[in-house]
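Okay, predicted coordinates and the sequence, questions at the end:
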Amino acid sequence: MGLAISPRREMAPQRGPMGTRRRAATAVPYLRLVGPDEVAVRIPTQRHANASDGLDRSRPAPIRLTRRGRIVIWLVLATIAVVVVALLASASQAAAPVGSARAVTVHPGDTMWSIATRGLPGVAPPVAAEQVRAFNHLATNEVYASEQILLPPPNS
């Protein structure tokens, strides 16, 4: 005589859809006496993973994030985006001209050449006149008395 583990059907309480209770039959191992003429069969109570179980162990298990983990990742990504936008904004502002355009009123007897040489000293008169004409989007170099002409900043 000896002891053996045998399966026995037992009704175990379980939860069904929408929280309803139901009872399902499950195999629960129990001990019973085995006589000398009976064969004892061992029923494993816990499955151990080994190489012969057919499971692929070459890939790691996927990472599962909690809600807090997802929030942290979104906050990190948002912070990186804000930093990138701030760096790009400061770089674009650095390219803006240092000076600003000045307005000059044309007096009787003034020409585009005379206005350009007074407004842009250090620049060759023909180049200065062309810069003033292009800056004001004028088709010709003609200017008229009491007209407002914008002078480009010195560095442009």
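Arrived safely.

From here on, just use CA atoms for contacts and neighbour counts.
Noted.

least trustworthy helix or strand in this structure by mean pLDDT?
Least confident helix or strand of the chain, by mean pLDDT, DSSP states H and E, is strand 2-15 with a mean of 55.

how about the strands of the chain, start to end?
2-15, 21-34, 102-105, 148-151 (DSSP state E).

Okay, domains of this structure per the record?
2-45, 102-151 (automatic domain parsing).

Comparing those domains by mean pLDDT, which bottoms out?
Note on the domains of the chain: lowest mean pLDDT is at domain 2-45, with a mean of 58.

Would you mind listing the residues in contact with R102?
L150, L151, P152, P153 (Cα atoms under 8 Å, 6 or more residues apart in numbering).

so which of those comes closest to Q131?
Among those, P152 lies closest to Q131 (Cα to Cα), at 7.3 Å.

For that closest one, which non-adjacent residue is closest in space?
Sequence neighbours aside, A101 is the residue nearest to P152 in space, at 5.0 Å (criterion: Cα to Cα, 6 or more residues apart in numbering).

quick one, what contacts the spatially closest residue to T105 that is not a sequence neighbour?
Here the nearest residue to T105 in space, its sequence neighbours aside, is Q148; by Cα to Cα, 6+ apart that works out to 4.6 Å. Listed by Cα under 8 Å, 6+ apart, the contact set of Q148 reads A103, V104, T105, V106.

which of the residues you listed count as buried?
Neighbour-count burial (16 or more other Cα atoms under 10 Å) applied to the contacts of Q148 gives V106.

ok, so of the contacts of Q148, who is nearest A116?
V104 (10.2 Å).

Which residue, other than its chain neighbours, is closest to the closest one?
Going by Cα to Cα, 6+ apart, V104 has I149 as its nearest residue, at 5.2 Å.

That neighbour: neighbouring residues, count only.
21 (other Cα atoms under 10 Å).

from what I can see it touches N136, true?
Yes - contact criterion Cα atoms under 8 Å: I149 and N136 qualify, at 7.0 Å.

Output the contacting helices and strands for the lengthiest helix in the chain.
The longest helix of the chain (DSSP state H) is helix 67-94. On a contact count with 3 or more Cα pairs under 8 Å, 6 or more residues apart in numbering; DSSP states H and E, helix 67-94 meets no helix or strand.
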